[in-house]
Each structure stands twice: as structure tokens, then as C-alpha cells.
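Q: Sequence and predicted structure are below.
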Amino acid sequence: MTRNLIIGATLSSLVLLAALVSFVWTPFDHAAMNIPAKLQTPNLIHWLGTDHFGRDIFSMIMVGARTSIAVALVAVGIGISIGVPLGLTAAARNGGWLDELIMRGNDLVFAFPSLVIAILITAIFGAGAINAIIAIGIFNIPVFARISRGAALSLWQREFIMAARVAGKGTARISAEHILPNIANLLIVQGTIQFSLGILAEAGLSYVGLGAQPPTPSWGRMLADAQTMVSFAPHLALIPGSAIIVTVLGLNLMGDGLRDYLDPKLRVART
Amino acid sequence: MSFKSLVLAASSALALAAGAASAKDSIIVAMQLEPPHLDPTSAAAGAIDSVLYSNVFEGLTRFMGDGAVVPGLAASWEISDDGLTYTFSLHSGVTFHDGTTMDAEDVKFSLDRARAEDSTNAQKALFAGIIDVSVVNPQTVKVTLSEPNGNFLFNMAWGDAVIVAPESIDDIKTNPIGTGAFKFANWVQGDKIELARNDSYWGTPAVLSSANFKFISDPTAAFAAMMAEDIDAFISFPAPENIPQFEADPRFQVLVGSTEGETILSTNNMQPPFDDVRVRKAVAHAINRQAIVDGAMFGYGTPIGSHFAPHNPAYVDLTANSAYDPEKAKSLLAEAGMAEGFSTTLHLPPPSYARRGGEIIAAQLAEVGIKAEIINVEWAQWLETVFRGKDFGLTIVSHTEPMDIGIYARPEYYFQYDNKGFQELMTGLNATTDPGKRIEMMQEAQKIIADDYVNGYLFQLAQLSVAKAGVQGLWTNAPTQATDLTSVSWAE
Amino acid sequence: MIRYSLKRLLSLIVSLAVASLVIFFVIEVAPGDPASFMLGINAQPDTVAALRAELGLDQSKFARYIEWVSGIIRGDFGTSYTYRTPVAEMIADRLWVSLPLALYALTLSTLIAFPAGIYAAARRGKGGDMAVMGATQLGVAVPNFWFAMMLVLIFAINLRWFNAGGFVGWDSGLWTGLHSLTLPAISLALPQAAILARVMRSALLDILGEDFMRTARAKGLSKRQALWRHGVRNALIPVLTIIGLQFSFLLAGAIIIEQVFYLPGLGRLVFQAISARDLIVVESVVMLLVFSVIMVNFLVDLAYAAVDPRLRSRT
């Protein structure tokens, strides 16, 4: 299964590379318009063609990768850094008032329809990348809290935790030293899903006009701009769509590969 | 609406669709926006007029498809020599859809309601000059004005001035009762409104026996619905980029006309640096109108050089006054002490003319050193921040009210243009009834605002409608927001 | 079990109270005024004031909150500012589209995901597993609105097997109704099915490694028997969680899909209401969605307790 890891890592680093290179070089200025040269199909000058304003799509995809990765990464970061400690605390205090408070608070955030809230956030604070990050990030917190609590709960029943308890270790220390490493794989899998969902959510928000604002390119907005032109210029939708699919696919394959590679239980089972 | 009525509505719609296959005396017309409610006299939403104007509700006068104002419920009128008294003779035998008679009392009720203190009429200014409405006899009504108003008959043609009945006013928002050739049948909110022919109509009856209005806000969905022939016509098709495909397809016809919408780069004349005419002039010369029409509207739209519709007889072409000349723009900026350029905001409401046009204008302004930060807003936000709060540098909006150059005479209006000479000219225009004189004054007005570079004048919004090949009698132009179906029929 | 249920019920009520406060006061902050939105740019200030008074917007926020909440408790969601019809009726109308769509999509995704996930787990590492996992990878990676655009292009515009959008109504028959919801349901279900299949597979694999599965095998059960008798039952815990999450997503997250297919559903109602600043509609719909999700979570928690007695005994 290391093949997954290799394919995934290759695809992901390709996207990451494009994002990094775009800081120093793109074939054209991604914001430069040339209306007489609009809607070109891929050719030798414009490798992926031009959009309805005659902008170079290849350059826009490169810069757009930056937007997607940044928004999704920070949003997942928010989810893990707040959600996991909350989940572990809740599991350690299982049944106590703190557990109850965290989990009910969790359910509450979770209960809010994320897209509706994202639209409201932009109605109140204005559209933009930062607000998109906040909107996506908030809804990552309960995901990680719930999943880490669920996994930690069953670990607390295991003999090796009992042993650590008998050895006099505190709950916080047990959570950090014994629980966290044992749920890391689960978090990688979930983190992968959330990261891909983050990329997709950013695309969705941008698609309805609530993500990064022009002239900052974003794959979702490229799709929104393209939607009425799909029937006569399909490359406008296929290229940003493929960029999203390749990125998400790459990250997921890499996550899966990592999981298999890191999980000693599975490795033992295979040999 | 209960589920049962929903079921009934849907089944009747199905019956209509089945009938259409054989006789073709019904039509499914789609548009982007759904009316919030069905009272044209208490909301600004053009969608209300788009469904009901002339179909369900009629006024004393009315607009025709070419923009002419002709008699409506009033068969004729007499104007006193001093221009202050209008005596309307109403058509006889006119009844509302609920069977009650339409007479002078209803006219008095409608006009008094619109100008009352607690009126919620969105165009209350249309009625501002009226000081008295009196019933002479059931067929005659006399309206007295405080001062002569050359626009009065024009004002009475608006959808906001239609005649309503006191008996049905309480439920008008959900069950509109008018005098038109169609009566309201049903409304499935979020989906469609159904109209049925009024068989006891006082004038020429409608050809179609029923009409369905569908609301499809998403441009892609609009294209798909039309291509899949789910609908018979789409009025004001939102995506000009798809028009060539319809033109190339023998199943469809495309109607390209004009609207009353002057699309402008509205400029906050009070906010520095736009209080300096040289800066406004620089902005005007930095804009390449043709690129905007090509890029944002895919070639549909007529460039304008002032705030006036090109199809109006009084129009003067002033586009040369602000021809595209980035070098001149740069030197004007330098002259104004802005050689390094400056930063400002560009608020863009949702329509694609604004969002796409705004992206292009931001890029064009950047060429001469003006950094315009794009802020996309919804209409509610636009009204609050830009229109009422006047907290903006630039914005793009299409002013769709007919003959609205008078807004430049209102210094408190959101772009805050304050020119005494212009204001006096407008006061004079309102009091003038001689057509030749009026044209002269309107031309003068166009020149003044073009020379003051009040706003960036971009283009006249085109009216693009798509219909199945057999549909005939639809309006090509949009002199007002309306979808007049009274003479629409299917070719055999 | 009863004590556990009562305790959860209490926290459910507290959650709803907190939610109503958050919803009302967060939404009321939104800039923009429904009255001036309705009257447009030529309205005079006194006209706007008259309409605000008519709508009851001149009262204090707190008074309106009390009125709103006490109304909801009685089942009265208030009257829409723009449509001037009872909000409860508007929501009920839209639910006849949104609820069946969500259930349709959920059914499709479950029908695809369960067999796919179980099959992949049973054939771990073999060709079948790789094929299923490859397909789910792709399914997870495709943005649903993009997928919807493609479905419309292919099946509505080119092949004309389905309408490009709209909803015909249930009276024209269950089949016709479902037919018009098929493309939207597929667009919604495919990414969900891919996620669910992945969760199902990894949950099963986790359980296959557990001690009790080895015991089951040692007791003489075949691999297949062990998988069905113990594996699937235990894997239901994470799978139920995901299904619970997906239901809430499908009910409200269909906003974009409803837009693409111009369905008169709940999502589009909210979208329209937000842009018209019809705040009472937004508040009531969000409250209803929050309520439904809290209820689903409540039921999922009870189901957890029923499936896994260990969770129950610890509380």
C-alpha cells in the first residue's frame, strides 16, 4: 500500500510546488486582462487557455492553489488545536460535568448548519478569505473533539492505561503520553478527510461568492465564473474542477498511505 | 399554503401543461427574481411589476412596448390651461376580477392611498405634486396639482400608480385583484405564479388562456432550463455569454432590445479625492467602455457618455467627451497632485454587469495608478452602506427607472452631486410642457453632468430575452419592468 | 437507560435555549434593513419609517426576541417581513421538498456505501478493495456543485433524460416526484457515499484487529461469519455518527444544490431571506435546523447506548 503514499505524495507536492513557485514566477500576471484574447483553449502561449477576461488560466490555477491550501490548512489547524484537547479532556473526565459541558457545547456548534452560518458570517463581516477560514474552522472543532473523545473513551478501558494509572500517572499525562499517540492514526485519517473537505468547502464558499475576493484567484470562483460558459468553453470548468479533484485526491491518498505506513497493528497483520 | 392546496395547484399546473401540448394557449415564462409579495403599490421590487403590470393591474395611463405613454383605464383626459387640473374620463364597464365595478371612487382611493402620510409606496415622489383628487361622477375624476408637471401622465403609467380596489386591499399582497386581461390564480412560493385569462375583460381579451411565471435565479439553471425546453421564454436572460448558442439554435429566438438602465460607475462626489473634477475626469478617461461591454456583457449594451437612454429622442451622444485615454488620465491625476495614484473602494452589488464590469474597471484603473479595492456586497448591504450611508468611493449600478436624470438635482442623493445651475434647469423642465423646449432642456442637462464628470458613464443595459421560436408578441424593449402577455400568442 | 435518557433530554432543552439566544442576537447584528430593502432607492424616509412600524421593527430587540421565542414555543414562527405570510407555512411548504431530498440522498448514499465498505473490508488489500477505495477517493474529491453542473450538462441538456431542475410536486405521483429529485439527490449522495464507505471500511478493519474478533475466530466462526456477526454490528457506532452528521449536512447544505437545480427548498428560502434581510425567516429556519440536528444527535446518542452498553454503564 506504499503505492498510495507515493502517488498521493507526488500529487500533493505537485500542487504545493505550484503554490510555492507562484510566489516568484507565473507564466503571466494572473490578474492581467486581455479581453480580445478571451476564451482561448489551451495552446502554446497560454498552456491552459484563457478565461472570459483573457487572463492566463495556468497562472490563475497556480495562484489559486495558494488560496485553497492556506484556507484549508488554517481551518484544519483551528479544528485540531482546539478540538483534540477538548475531546481528550472530555474523555478523561468521562461522565463528569466538564465532559457534559464540552460535549453539549460541541453538539451545539455542530448543530448549526455550516453553510448557512458561513453565509451569515459574510453578511455580517463581509466576504473574504479570513472569514471563510473562520467559518470552516469553527465547524472543524466539534469534528475533532467528538472523534478524539470517542476513540479515547475506548482506550481508557484498555489494560495498558489501567497500568499507567496504577503507576500513578495523572489523567492529563496519560492523555498526552498514551492516548494521543494511540489516536494519532485516527486523527490523520480524519485530518485528511477534513483537509479535503476544507479544500472543498473553500471552493464551495468561493463558488457562492463568499471566499477570497477578486483579484485574488480562487478555484471555486473560477468555477462560478465558468458555470454559464461550460457549454461552449468546457475547459473553464474542467481545469479548476480537475485542480480541486487532483489536490483532494492527492491529499487523501497520502493520508491513507501514511495511515498504513504508520499503523504498526496493520503492518504486523500484513507480515 | 397548505399541502392540500399545494397539491391542487400542482395538479392544475399539470393539467395546464397537458393542455398546452394540444392547443398551445398557455405559456411558461421564466425570470430571475421572485416577487416578495404581489402589491405593486408598496414595494420597489421590479419583480412584482414584471409579473403583474398590465397583465393583472392597470393604471390611468400605461406604457407600450416602445415606451410610449397611452391611455389605460382613462379613455381620455383634459388638461386645464394653467396645467394644474387633469380631468380623466374613465372607460365604462370596467370590473375588477372579484366582479366589483371600477369607478372614480377606486381611482381616488388608489391615488389618496399612495400619497397618504402612512403610505408605503416606494415611488411616493410620483404623487408628491397632487393636492386633491375628487370624484366628479362615477366615470370622471379630477386631479389637481400644486404646480404644472410635464411628467404627470408619464408618472401615472408607472406600476406604482395602478388602480386598486378598497374591498380587496387587505389581501392584496397574496391575492391581487386588478382590472387586467389576466387574473391571479395561484402562487407556489419559491417556484411559480399562475395567471388565468380574465374572460370579462373590458378591452381586447388576451389570446392565451393561462400563463405561468417561474423563478430561476441562477444563470446556469436558466440556461439549462431553456435548453431543456422546460420553459417557453426567459425574460431578461441573465447570461449574455449564452445568447449566441440560442441564436444558433432553430428551436429558439432571441430578442435583443434596450432597457431604461444607465449602467454607471457611481462616484462619491463628496469624498476626496473625487471632490476634485480633475480626478473624476481622470477616472472617466481611464475607462475603456468597449472592453467593459465586450468583457462583461459579451458585446451587448450601448456605450453612453451621460445619464440618458440612447433610444430617447432627446439623447445626445457624449461618449467622445470621456474617450479612453490612459495617458490623459495620468496627466490629469498629476495635475490634481495625485501623480502616485491613490486607493479607493469599489462596492459591487450582485448583478453580473456590476461584478464582472467591476473586475475589469479595477484592472483598468490600476493601469493609471488608482487602486480600487473590490468589495462585493448584497443589495441589502449596498442600500445600507452605499446608498444610505454614502460610505463608498466608487460603485457600479444600473439606474433602471425611466427618465431619471432628475436624481442629479438632489444633492442628498447618494453620489452627492450639488450644482445649483443643474437644479434650476430641472425645476424649469418639470414646469415645461412644450415638447420642443423640453428636448432642448434635457439635452442641456445631459451636457452639464457629462462636463462635470459626475459619474463614470458606462453603457445602456441591453434587454436580452430568449423564447421558443413559436412565441410571438413579447416586448423586445423594457421601457418599464413588465412582461406584457396581453397580446402574446403561439404561431401555428 | 432511562436515567441516561432523561439526563440527555435535560441537556437538550438547555442547548435549545442557548441556541435560540445565539441565533437571534447574532442574526440581528447583520447590517441592512428589510424595510428599506423592500422600498428600494427612490423611497422617502417617512415611507421607510411607516413600513418599519407596520412590520413591528420599531420595537426593541429584546421585546422582539421574547415575542419570537414565546411564539415558537406555541408553534407560531411569526410572519415573514417580505412575503407577509406565516413563516411556519413557508417552512412547511419547503420541507416537502427538502426533507424528501435529504432522505433520498441519504438512502442512495447508504445503499452505495454499506455494500461497498463491507466488500472492501472483506477483500482488504486485494483487487476489489483497491477498486472500491479508488472509486471512493474520487468520490470524496469531487465538489458536489461541480458534479451537479456536469450532471445537468450531460443528462438534462444533452441526453434530456431529466429536467434541468425544478420540482413537479408530489401529487403527480411518487415516481414523477422522485424522478425530478434524482439528479439533485445523486449530486448530494455521491460524495457522502464515498465518505461513508471509507468510514465503514476503516471501522470494520479496526474491529477485525480487536481481541474479541480473534476470540470469535478461535471459537470456530469463519472470517465471513465473524465479520457479519460482530464486525458490522460494532462498526455501526462510527457509521451512525457519520450518518447523523450527514443528515444535518444534507438538510441545510443543499443550499448550493438547490440553487443549481432551482428547487423550492429550505436552503433557497434561507438564501433569499438573507439577501432580503427577512431576518425572522432566517432565524426561524436556522432554529428549526439546529433543533433537528440536536434531535438527531440525541437519538444517535441513545442508539450508541443501545448498541454499546459499555458507554451507558460508565455514565
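A: Okay, I see it.
Q: Where does pLDDT dip in the chain?
A: Reading this off chain A. Along chain A, segments meeting pLDDT under 70 span A:1, A:123, A:262-271.
Q: actually it's chain B I care about, not the one you picked
A: Low-confidence segments of chain B, defined by pLDDT under 70: B:1-23.
Q: Close to chain A: what parts of it are there?
A: B:219-220, B:223, B:227, B:239, B:241-242, B:244-245, B:291, B:294-295, B:350, B:355-356, B:359-360, B:362-363, B:374-378, B:381 (Cβ under 8 Å from any Cβ of the partner chain). Placement of C-beta: from N, CA and C, glycine included.
Q: List buried residues within those residues.
A: Among the residues of chain B next to chain A, the ones that count as buried by 16 or more other Cβ atoms under 10 Å in any protein chain shown are B:219-220, B:223, B:227, B:239, B:241-242, B:245, B:291, B:294-295, B:355-356, B:359-360, B:362-363, B:374-378, B:381.
Q: circling back: tell me which of the residues of chain B next to chain A fall in helices.
A: B:219-220, B:223, B:227, B:244-245, B:291, B:294-295, B:355-356, B:359-360, B:362-363, B:381 (DSSP state H).
Q: Pretty sure B:Gly190 sits against C:Asp93.
A: Yes: in this structure, B:Gly190 is within contact of C:Asp93 by Cβ atoms under 8 Å, at 7.3 Å.
Q: Could you give the number of residues near residue 106?
A: You didn't pick a chain, so chain A it is. 22 (other Cβ atoms under 10 Å in any protein chain shown).
Q: could you do chain C instead?
A: Neighbour count of C:Leu106, defined by other Cβ under 10 Å: 22.
Q: just checking: which of the buried ones among the residues of chain B next to chain A also lie near chain C?
A: Counting by Cβ under 8 Å from any Cβ, B:220, B:227, B:378, B:381 from these sit close to chain C.
Q: Name the residues of the helix or strand encompassing A:Ile61 that are buried.
A: Using DSSP states H and E, A:Ile61 maps to helix A:57-92. Using 16+ other Cβ under 10 Å as the test for burial, helix A:57-92 gives A:57-69, A:71-72, A:74-80, A:82-92.
Q: so which of these also contact chain C?
A: Okay, of those, nothing touches chain C (Cβ under 8 Å from any Cβ).
Q: which one of the ones next to chain C among the buried ones among the residues of chain B next to chain A sits closest to B:Leu38?
A: Of all those, B:Glu378 has the smallest distance to B:Leu38: 23.3 Å, by Cβ to Cβ.
Q: That closest one is in contact with B:Pro349, isn't it?
A: Yes: with contacts counted by Cβ under 8 Å, B:Glu378 reaches B:Pro349, the gap being 7.4 Å.
Q: what about the helices in the stretch 1-150 of chain C?
A: Listed in chain order, the helices found in the stretch 1-150 of chain C under DSSP state H, counting those that start in this stretch are C:2-28, C:34-39, C:45-55, C:61-73, C:87-122, C:127-141, C:144-151.
Q: Tabulate those in TSV, adding columns for distance to A:Pro27.
A: TSV is the format used below for the helices of the stretch 1-150 of chain C (distance: least, Cβ to Cβ, whole Å):
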stretch	distance to A:Pro27
helix C:2-28	44
helix C:34-39	44
helix C:45-55	52
helix C:61-73	54
helix C:87-122	41
helix C:127-141	26
helix C:144-151	25
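Q: Out of these, which one sits most buried?
A: helix C:34-39 (a mean of 24; mean count of other Cβ atoms under 10 Å in any protein chain shown).
Q: The spatially most central residue of chain A in helix, strand or coil?
A: Closest to where the C-alpha atoms of chain A average out (Cα atoms, centre = their mean) is A:Phe195, at 2.1 Å. Put simply, A:Phe195 is helix when judged by DSSP: H, G, I helix; E, B strand; the rest coil.
Q: Report the closest residue of the stretch 101-250 of chain A relative to chain C.
A: A:Pro113 (3.1 Å; Cβ to the nearest Cβ).
Q: That residue reaches C:Leu288, doesn't it?
A: No: A:Pro113 lies out of contact with C:Leu288 (Cβ under 8 Å); the separation is 9.9 Å.
Q: Looking at those two, which is more packed in?
A: Per other Cβ under 10 Å, whichever of A:Pro113 and C:Leu288 has more neighbours is A:Pro113, with 27 against 20.
Q: give the contact list for the residue nearest to C:Tyr104 when sequence neighbours are not counted.
A: Take C:Tyr104 and drop its neighbours on the chain: the residue closest to it by Cβ to Cβ, 6 or more residues apart in numbering or on different chains is C:Ala185, 4.2 Å away. Counting by Cβ atoms under 8 Å, 6 or more residues apart in numbering or on different chains, C:Ala185 makes contact with C:101, C:104-105, C:108.
Q: Which single one of the residues you listed is nearest to A:Phe28?
A: Looking across the contacts of C:Ala185 and measuring by Cβ to Cβ, the closest to A:Phe28 is C:Ala105, at 41.3 Å.
Q: how about the closest one, what does it touch?
A: With Cβ under 8 Å, 6+ apart, C:Ala105 has these contacts: C:184-186, C:188-189, C:192, C:250.
Q: my read: C:Pro86 touches C:Ala92, true?
A: No: with contact defined as Cβ under 8 Å, C:Pro86 does not reach C:Ala92; the gap is 9.2 Å.
Q: B:Asp118: neighbour count?
A: Residues near B:Asp118, counting by other Cβ under 10 Å, number 12.
Q: Kindly confirm my reading that B:Thr344 is in a strand.
A: Yes: counting by three-state DSSP, B:Thr344 is located in a strand.
Q: Could I get the contacting residues of the residue of the stretch 1-150 of chain C found nearest chain B?
A: Chain B sits closest to C:Gly40 of the stretch 1-150 of chain C, with a gap of 2.3 Å, by Cβ to the nearest Cβ. C:Gly40 makes contact with B:43-45, B:122, according to Cβ under 8 Å, 6+ apart.
Q: Looking at those, spot the one nearest chain C.
A: Nearest to chain C among the contacts of C:Gly40, with distances taken as Cβ to the nearest Cβ, is B:Ala44, at 2.3 Å.
Q: List the residues that contact B:Leu394.
A: Contact analysis of B:Leu394 by Cβ under 8 Å, 6+ apart lists B:265-268, B:283, B:344-347, B:361, B:372, B:456.
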